[in-house]
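Colleague: got a predicted structure plus its sequence, pasted below:
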Amino acid sequence: MKKIELHLHLEGAAPPALIRALAQEKRVDLPPIFDEAGGYAYRGFTDFLRVYEAATSVLTTPRDYARLLEEVLGACAEEGAIYTELFISPDFCGGGDLHAWRDYLGAMEEVAARMRRHGIDSRAILTAVRHFGPDRARRAAICAAETSGGWVTGFGMGGAETEGKARDFAWSFDCAREAGLGLTSHAGEWGGPQSIRDTLALGVTRIGHGIRAIEDPALVRDLAEREITLEICPGSNIALGLCKDWRAHPIARLADAGVRVTVSTDDPPFFGTTLRKEYDRLAEAFGWHDEDFRRMNLWAIDAAFCDTDTKTSLR
Ligand code: ADE
Ligand code: ZN
């Protein structure tokens, strides 16, 4: 099955072996972030963010990001993806400085163009990190606005959802919208229904996760009516303890209520997942068939931050 993935953090997709190799090459002593088997080790979401940022600290040059992107898109293609949207934080690519960001972007655009010729298309969603605060989010939005139009087609926000208020980031989302970028943000992962409502007020057309909408039937109806697309990452939610197991995950109930759900992997090596595993587990848990996944992928194409010709070619 050809798959569309809308929610994959480039830094969070970094294979542990690449992070270890870069640390060795740069003679950097990383804090304890690996388990005995060589995977990432963390306890809970706050610790996940620490390990994520520590691993990312060895990605210090445009060349490192080019190497990372090539590995990540190669892995996406192996999972059957034909189109992937990558969350990338300018905070980690030159500290939010526009000049530095352009260098990182140039290196990544070359890789993305080459990988497109190998059958995996992609776009970048520049991402503010919520717990870094509104000032740094503004710098990320300026990087996004100033480099929008080519590979950069979206602006988003991840990080610690319960820190600060969504409206503190309104300037950044307005700036990105005025530049013609698509808008999405994590919400309803750690925060409840009100967090999703506050995030919708930023003008997003998609929500990263959004699973806690299930706690509020009126919100579920609203999401369905407004055709808001949820970028759901069930393996991530289960690994981080938000859902007990696959059968308890609300994705099927949201889909049954008419919400446009899609499936992504978030940070696959952190959560021991791959796109194929997500599909397999959903098929096992809910008896979903090819036509269910096909419908989901059509919703993903509708909601994708790319031009209509690309959408037509993906269908
Ligand atoms: N950044 C990377 N993964 C994330 C997640 N699951 N939630 C919030 N921010 C993230
Ligand atoms: Zn995410």
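Modeller: Thanks, I have the structure now. Ligands and ions are numbered 1, 2, ... in the order given.
Colleague: for stretch 127-141, list every residue counted as buried.
Modeller: T127, A128, V129, R130, F132, P134, R136, A137, R138, R139, A140, A141 (16 or more other Cβ atoms under 10 Å). For the C-beta atoms, the positions are set from N, CA and C on the backbone; glycine is no exception.
Colleague: dump those to a markdown table, plus distance to S57, secondary structure and pLDDT.
Modeller: Below are these laid out as a markdown table (distance: Cβ to Cβ, whole Å; DSSP: H, G, I helix; E, B strand; the rest coil; pLDDT from 0 to 100):
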| residue | distance to S57 | secondary structure | pLDDT |
| --- | --- | --- | --- |
| T127 | 17 | strand | 98 |
| A128 | 19 | strand | 98 |
| V129 | 14 | strand | 98 |
| R130 | 19 | helix | 98 |
| F132 | 14 | helix | 97 |
| P134 | 23 | helix | 98 |
| R136 | 16 | helix | 98 |
| A137 | 20 | helix | 98 |
| R138 | 23 | helix | 98 |
| R139 | 19 | helix | 98 |
| A140 | 18 | helix | 98 |
| A141 | 23 | helix | 98 |
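Colleague: from the residues you listed, which is closest to V220?
Modeller: Of all the buried residues of stretch 127-141, V220 sits closest to R130, with 23.9 Å by Cβ to Cβ.
Colleague: right, and that closest one touches K165 too?
Modeller: No: counting by Cβ atoms under 8 Å, R130 does not reach K165; the two are 10.1 Å apart.
Colleague: turn the buried residues of stretch 127-141 into a markdown table, including distance to A285.
Modeller: As requested, these are exported to a markdown table (distance: Cβ to Cβ, whole Å):
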| residue | distance to A285 |
| --- | --- |
| T127 | 29 |
| A128 | 33 |
| V129 | 32 |
| R130 | 30 |
| F132 | 35 |
| P134 | 39 |
| R136 | 38 |
| A137 | 36 |
| R138 | 41 |
| R139 | 41 |
| A140 | 36 |
| A141 | 38 |
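Colleague: tell me the secondary structure at I207.
Modeller: Following DSSP: H, G, I helix; E, B strand; the rest coil, the label given to I207 is strand.
Colleague: what's the distance between it and ligand 1?
Modeller: 12 Å (Cβ to the nearest ligand atom, to the nearest Å).
Colleague: give the bridge partners for that residue, please.
Modeller: S185, L230 (DSSP bridges).
Colleague: look up how far A141 lies from it.
Modeller: According to Cβ to Cβ, to the nearest Å, I207 and A141 sit 18 Å apart.
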